[in-house]
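**Q** sequence and predicted structure are below.
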2 protein chains.
Amino acid sequence: MSDEFAIIKRYFIQTQHQSGSVDLGVGDDAALFTIADHHQCVITTDALISGKHFFPDTDPYRLGQKSLAVNLSDLAAMGAQPIAFTLALALPQADESWLSAYSRGLLDTAAEFRCDLIGGDTTSSDKLMLSITAIGQVPCGLAIRRDTAQIGDDIWVTGTLGDASLALSMLQNHAMTSQDDHLRLIRSRLESPTPRISTGILLRSIANSMLDLSDGLAGDLKHILKASAVSARIDLDNLPTSATLQQYPILTQWQHAVSGGDDYELCFTAPISHRSSISSLHNQTGVPCTRIGTIATPTLAQPHIISWQSSKHPEQVPHTQHWSGYTHF
Amino acid sequence: MSDEFAIIKRYFIQTQHQSGSVDLGVGDDAALFTIADHHQCVITTDALISGKHFFPDTDPYRLGQKSLAVNLSDLAAMGAQPIAFTLALALPQADESWLSAYSRGLLDTAAEFRCDLIGGDTTSSDKLMLSITAIGQVPCGLAIRRDTAQIGDDIWVTGTLGDASLALSMLQNHAMTSQDDHLRLIRSRLESPTPRISTGILLRSIANSMLDLSDGLAGDLKHILKASAVSARIDLDNLPTSATLQQYPILTQWQHAVSGGDDYELCFTAPISHRSSISSLHNQTGVPCTRIGTIATPTLAQPHIISWQSSKHPEQVPHTQHWSGYTHF
């Protein structure tokens, strides 16, 4: 039994704030920060529960990284610059080695993205639960929403798709030894995804709509289509996948890249006039953008449908309903 | 098994925002709101866990009210005006009657304080857990902190102390029938506390330091004393208590008013020159402020100590160590 305040102080108090926007951090009833002139504040909340969103034996350092990264990915998807976050932590016991590693992972990612831990709540619970609320800012009117895709827009994704899902299936199926090398290569895509903050910011005046891929391309793209009242055509031959995933049969590749969750890549739409500037973002961010399809006119019978196409393996394209996003209940 | 988005939509989407500050609510990767010119943003997070912070059979409507109220109380303690909040909800099953009552309680309190639900996360879990992050704003430099109490300040509290703690002990001890009338009178103080928003705002240019009483006067006042490096004298004869609590022996009254949690009243310090203006706040807010003590010079041997005094019952004043705030581990 330790004192709550002592735990918080020992592991979670940052001695220096890095965002330049925080006026008062952990330790009062609430924290204070300043939004720049002519900017809007952006806020997002995610909850992660042991046994549901991560394995109970997940490396706590990587869990610290991921628990913040998934929230920063939501900020990236709005084109926002991170400022700060709060943490609600419910844990079975004040296990100091776990807390030490978890807080280092959390604060290392916080430092990388100049996002300050400014508040929260720590309590005991049978089951480990984490909830993070992240705050960012974006110039007024430049946030990239889901409901503003335009017919004729190209559809793009950052990075590669499907590795996190492949790694998860290996861990769930206790990967055979022959797959150990594969798992080693892609495990970090599942356990410590990288939020695409720089790309999101550079897309502010380029993308018409955007979101991050947390539940799989098939399910998440549907949110843009429904909100914008449009349809989409996706060319499966263009889905960017890693060299590791490419060693699997084409249907397995598609399954992970289309239905697999936890990619935390950005999916966005943009006018065709921006093709060359989007392709060249790679030089500034180190993260490639790949064009995978087109926003199409919805039909009355089938509004906001995704039409999956492949000229290389046309006979293998499954029926649409087989691919859907992950749901939590 | 219901779809997460359908649940959220049905119970938690507000059709109209009331704060006047929200630009984009639930439904995108993140929400957007605007802070007024020359204002700072105020943020606070609280977690509530079934069986720990509330009884599993707590009336869900009142739980909805309380889960937001405890966060608004933190905003009140900074002198902030609420704007919006996010909700992370982990629940064993999508029980529609529970969700319906909980969301009504939550949104009724939100409407009362013009604070909009603008985001969150819903997931399943063995145990019901709630985490709310509330956002408010305060004119730059006018937030009322814990570390700015001045020697010679009066110490004040709003409302009455100890009823929530008395109600909790009755419920824990399965109150005898003779106490039913008492419990009826004070149960709402435990289950649906009222955040002192108006008082907090009116104290902006009056109070030197402030916090809200969630873990009991003895424990919470210590936070001001430590942060401000001062001591305090409290006159137990002046502690404001309800007519119900006053029917109990004096030591029981003190125990609940000093060590009991969940009051969610404000405790603040202010120069003696403000006595009459503080006393007259009652006319504007309907909530009385009572002067209970003085901020004193710390001694080297006993810094930030509370000296408890009573001229009416001097022989009953317990040793200081017997009174301390509630800790979570």
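**A** Sure, I can see it.
**Q** quick one: the helices in the stretch 101-250 of chain A, in order.
**A** Using DSSP state H, counting those that start in this stretch, the helices of the stretch 101-250 of chain A run over A:163-172, A:180-191, A:197-202, A:217-228, A:250-254.
**Q** please save the CA atoms from the first one in CSV.
**A** It refers to helix A:163-172. Coordinates of the C-alpha atoms in helix A:163-172 are reproduced here as CSV (Å, rounded to 0.1, in the frame of the first residue of the first chain):
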residue,chain,number,x,y,z
ASP,A,163,1.6,-5.8,-40.2
ALA,A,164,0.0,-5.2,-36.8
SER,A,165,-2.8,-7.6,-37.6
LEU,A,166,-0.4,-10.2,-38.9
ALA,A,167,1.7,-9.9,-35.7
LEU,A,168,-1.5,-10.2,-33.5
SER,A,169,-2.6,-13.3,-35.3
MET,A,170,0.9,-14.9,-34.8
LEU,A,171,0.8,-14.0,-31.1
GLN,A,172,-2.7,-15.4,-30.7
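**Q** output the below-cut-off pLDDT ranges for chain A.
**A** Scanning chain A for pLDDT under 70 picks out A:1-5, A:8, A:175-179, A:319-329.
**Q** my guess is A:Val258 contacts A:Leu239. True?
**A** Yes - assessed by Cβ atoms under 8 Å, A:Val258 is found in contact with A:Leu239 at 7.3 Å. Just so you know, the C-beta spots here come from the backbone N, C-alpha and C atoms, and that holds for glycine as well.
**Q** what sits in contact with each of these two?
**A** By Cβ atoms under 8 Å, 6 or more residues apart in numbering or on different chains, A:Val258 and A:Leu239 have these common neighbours: A:Leu161, A:Gly162, A:Leu217.
**Q** buried subset of those residues?
**A** Buried members of the shared contacts of A:Val258 and A:Leu239, scored by 16 or more other Cβ atoms under 10 Å in any protein chain shown, are A:Leu161, A:Gly162, A:Leu217.
**Q** SS state for A:Lys9?
**A** At A:Lys9, secondary structure determined by DSSP: H, G, I helix; E, B strand; the rest coil is helix.
**Q** B:Ile201 versus that one, what's the distance?
**A** Distance of A:Lys9 to B:Ile201, computed by Cβ to Cβ, to the nearest Å: 30 Å.
**Q** the more surrounded of these two?
**A** The residue with more neighbours, out of A:Lys9 and B:Ile201, is B:Ile201; 19 against 12, by other Cβ atoms under 10 Å in any protein chain shown.
**Q** ok, A:Cys148 - contacts?
**A** For the record, residue A:148 is Thr, not Cys. A:Thr148 sits next to A:Asn208, A:Ser209, A:Ser228 when contact means Cβ under 8 Å, 6+ apart.
**Q** mind listing the strands for chain A?
**A** Using DSSP state E, the strands of chain A run over A:22-24, A:31-33, A:39-49, A:81-91, A:116-124, A:129-139, A:154-158, A:209-212, A:231-235, A:266-270, A:289-296, A:306-309.
**Q** can I get those in a markdown table with distance to chain B and mean neighbour count?
**A** Putting the strands of chain A into a markdown table (distance: least, Cβ to the nearest Cβ, whole Å; neighbours: other Cβ atoms under 10 Å in any protein chain shown) gives the following:
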| stretch | distance to chain B | mean neighbour count |
| --- | --- | --- |
| strand A:22-24 | 6 | 19 |
| strand A:31-33 | 5 | 25 |
| strand A:39-49 | 4 | 25 |
| strand A:81-91 | 4 | 26 |
| strand A:116-124 | 4 | 23 |
| strand A:129-139 | 4 | 27 |
| strand A:154-158 | 14 | 25 |
| strand A:209-212 | 5 | 26 |
| strand A:231-235 | 18 | 19 |
| strand A:266-270 | 10 | 26 |
| strand A:289-296 | 17 | 21 |
| strand A:306-309 | 17 | 18 |
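**Q** what's the closest of the ones you listed to B:Glu191?
**A** The closest of those to B:Glu191 is strand A:116-124. By Cβ to Cβ, the value is 19.1 Å.
**Q** what's the angle from that closest one to strand A:129-139?
**A** Angle, strand A:116-124 to strand A:129-139, by axes from the mean of the first three to the mean of the last three Cα atoms, to 10 degrees: 160 degrees.
**Q** quick one: contacts for A:Ser73?
**A** By Cβ under 8 Å, 6+ apart, the contact set of A:Ser73 is A:Pro193, A:Pro195, A:Arg196, A:Asp212, A:Ser214, A:Tyr264.
**Q** circling back: okay, the helices of the stretch 101-250 of chain A in TSV with distance to chain B next?
**A** Shown next, in TSV, are the helices of the stretch 101-250 of chain A (distance: least, Cβ to the nearest Cβ, whole Å):
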stretch	distance to chain B
helix A:163-172	17
helix A:180-191	18
helix A:197-202	10
helix A:217-228	7
helix A:250-254	24
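**Q** out of the buried ones among the shared contacts of A:Val258 and A:Leu239, who's nearest B:Ala134?
**A** Among these, and counting by Cβ to Cβ, the member closest to B:Ala134 is A:Leu217, at 34.1 Å.
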